[in-house]
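Participant: Model the structure of this input:
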Amino acid sequence: MNFKLPVLLLLFVSTFAAAQQSISVKGSAPFPATQEYTFICEKYAYTGQVNIQIAKTDKGGVLKITVATANDKARIAGGLYVDLANADVIACTDKNVKESTDGKTTSYYYFTPAEWLKLKKNDIYAVRFIIAGGPTTFGNQTGYFTAYNKMNYFSTAFDKSKKTFDTAKEISVL
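Facilitator: Now for the predicted structure:
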């Protein structure tokens with residue numbers, strides 16, 4: 001009896017740990033999604049990090065990009081480019097689907113079925129985007145930024161572990 005309780009508890013906890021992530025865009029039904037990746041953006045001095053999440057939709061996919069901002073007027077605006085590991089580039093147009101809460105701004109960009117197939121075969125290398133803000137003197141950092149698929153800022157030459165996220169592997173499971 002004492003042995004069954006820990007095994008059942010472990011089984012119960014592991015069921016919730018493997019729960020599927022999801023994205024809901026402007027009140028739509030939730031789409032199955034990857035984990036939220038934290039990409040490194042060295043030129044963005046405010047945090048140096050950008051959160052990226054990708055979901056499968058009925059017509060392809062959607063990319064959710066979230067950045068912490070210093071003020072509520074800053075937004076991710078304009079087109080966005082997804083650079084793949086095989087040097088392919090996916091250009092996403094701004095459909096003006098944005099949210100801003102708790103000092104963070106979020107934008108959604110859509111993929112066609114052909115672009116979704118590319119994402120399933122190749123890891124994301126980087127995401128290029130624009131932050132536009134208000135005309136205040138001491139406002140948010142604005143401009144063109146690139147967020148790289150890197151897990152850490154620093155590593156040593158002796159560290160042989162994988163330093164990037166396996167985005168293609170997770171996207172192909174969706």
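
Participant: Looks to me like residue 170 is in a helix.
Facilitator: Yes - secondary structure assignment (DSSP: H, G, I helix; E, B strand; the rest coil) places residue 170 inside a helix.

Participant: wait, what's in contact with it?
Facilitator: The contact partners of residue 170, taken as CB atoms under 8 Å, 6 or more residues apart in numbering, are 34, 35, 54. The way it works is simple: take the backbone N, C-alpha and C, and place the C-beta from them, glycine included.

Participant: measure stretch 83-96 end to end?
Facilitator: This stretch, stretch 83-96, spans 21 Å end to end (CA to CA, to the nearest Å).

Participant: Determine how far that stretch lies from the middle of the whole chain.
Facilitator: A distance of 13 Å separates the centroid of the chain from that of stretch 83-96, by CA atoms, centre = their mean, to the nearest Å.

Participant: Show me which of the contacts of residue 170 are buried.
Facilitator: For the contacts of residue 170, a burial check counting by 16 or more other CB atoms under 10 Å picks out 34, 54.

Participant: center of this structure - which residue?
Facilitator: For the chain, the residue nearest the mean C-alpha position is residue 52 (0.7 Å; CA atoms, centre = their mean).

Participant: does it really touch residue 124, like I thought?
Facilitator: Yes - the pair formed by residue 52 and residue 124 meets the contact definition of CB atoms under 8 Å, at 7.5 Å.

Participant: between the contacts of residue 170, which is nearest residue 27?
Facilitator: residue 54 (19.7 Å; CB to CB).

Participant: Check the secondary structure at the residue nearest to the centre of the chain for me.
Facilitator: Secondary structure, three-state DSSP: residue 52 is strand.

Participant: go on, the one 3 residues further on?
Facilitator: What three-state DSSP gives for residue 55 is strand.

Participant: And for the residue nearest to the centre of the chain, nearest residue in space, chain neighbours not counted?
Facilitator: In this structure, residue 52 finds its nearest non-sequential neighbour in residue 37, 4.7 Å apart by CB to CB, 6 or more residues apart in numbering.
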